[in-house]
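Participant: This is the structure alone, sequence omitted:
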């Protein structure tokens, strides 16, 4: 079924174009015309892939979420013999998008987060992402801090996720440098175990 | 100078209209036409107050920031005999905008935060806000936790501000209930002192 493969590949190319534009100008800058131009496809082709702008944004958000989740998994698989504390530190580092090469991804994520506050379909995708992350971090925190109390581990996971998101946005607006944000995150993690 | 007073009052009415629209549809929904209609003034009147949309957003953001800062100050003045821990808890509660009556303000703040990641004038306003909040929380944390080490108090203040912002956005997208977010914040504050 080469046609379906092409369709999926094209959707991904369009999702990449959405992210590039969102990074440059925010989601307001994501217009059908500009997305088509950036993806080097016709406006008709974009419309055949996505019926509405919201459908396109929902797909692009899922695409970014998958990429971050893949990195967290890949990092765990690369060095399976790490201590639980190290695994937790790496996972927290990946989701907080503080590294320079993830700055664009962070800006796109923040744009989606803000739009999700007024768009239920986007909020539903984010909720699924955060629920999965919260479960993963609950397990990681329980291992790293030797916490047998599930509610306490879940609360620590919620704290960590919210802290990571807050730090990311404070770096994006230039309130904190990436180094300071890293120090804050590391100090928080160190106090956990 | 009744004319100048009118001008400032009109700017505030327009800022209110910007916030109402941003709450409903995000900053994308903030158009000159809709702002004028919502503020019940002519489009020309809006343009006489603000030369560009960005100038209007910068003013509205400053207006929201002032309102939050005023609430924090008012709460301190209302009960001057509180313990340092209570003052810190109240201040953290105010900036995290978790109360139902501040949900609209939280949505507007998140929309501005995302836009600030791609707009330097908005980022500059937010940086000034966060710098002032960080100084205030550094003092409050130092008092509440009896921390004489300024760098440690500042790091705790940065952690608290980032955590409060992350929790707010997680409530806005429905990942956490306001009650759960409050519990996370309270547990974090309790561990400080």
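Facilitator: Perfect, thanks for sending it. On a predicted model such as this, the values are computed, not experimentally measured, just so you know.

Participant: What lies in contact with stretch A:146-161?
Facilitator: With CB atoms under 8 Å, 6 or more residues apart in numbering or on different chains as the test, stretch A:146-161 has contacts from A:92, A:95, A:130, A:133-134, A:137-142, A:145, A:188-189, A:192-193, B:163, B:166, B:170, B:176, B:180, B:183-184, B:187-188. Quick note: C-beta positions are derived from backbone N, CA and C, even for glycine.

Participant: contacting residues around the residue sitting nearest the centre point of chain A?
Facilitator: Nearest to the mean C-alpha position of chain A, counting by CA atoms, centre = their mean, stands residue A:65 at 4.5 Å. Residue A:65 sits next to A:125-126, A:129 when contact means CB under 8 Å, 6+ apart.

Participant: Intersect these with the contacts of chain B.
Facilitator: residue A:126 (CB under 8 Å from any CB of the partner chain).

Participant: Among the contacts of residue A:65, which lie within helices?
Facilitator: The helices, defined by DSSP state H, take in A:125-126, A:129 from those.

Participant: any idea of the mean pLDDT for stretch A:48-60?
Facilitator: Stretch A:48-60 comes out with an average pLDDT of 90.

Participant: correction: stretch A:171-183
Facilitator: 95.

Participant: and what of stretch A:122-137?
Facilitator: Here the average pLDDT along stretch A:122-137 is 93.

Participant: buried sites along the lowest-mean-pLDDT helix or strand in chain A?
Facilitator: The helix or strand of chain A with the lowest confidence, counting by mean pLDDT, DSSP states H and E, is helix A:2-25 at a mean of 84. By 16 or more other CB atoms under 10 Å in any protein chain shown, the buried positions in helix A:2-25 come out as A:10-11, A:13-23, A:25.

Participant: cool, stretch A:146-164 as well?
Facilitator: Here stretch A:146-164 shows A:147, A:153-164 as buried, counting by 16+ other CB under 10 Å.

Participant: Show me where chain A has its helices.
Facilitator: A:2-25, A:32-39, A:43-49, A:53-78, A:84-95, A:103-116, A:120-144, A:150-172, A:178-192.

Participant: Redo those helices as a markdown table? Include distance to residue B:114.
Facilitator: Shown next, in a markdown table, are the helices of chain A (distance: least, CB to CB, whole Å):
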| stretch | distance to residue B:114 |
| --- | --- |
| helix A:2-25 | 10 |
| helix A:32-39 | 18 |
| helix A:43-49 | 23 |
| helix A:53-78 | 13 |
| helix A:84-95 | 18 |
| helix A:103-116 | 3 |
| helix A:120-144 | 12 |
| helix A:150-172 | 8 |
| helix A:178-192 | 18 |
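
Participant: re earlier: ok, and the most crowded of the ones in helices among the contacts of residue A:65?
Facilitator: residue A:126 (25 neighbours; other CB atoms under 10 Å in any protein chain shown).

Participant: I'm done for today, thanks for sticking with me.
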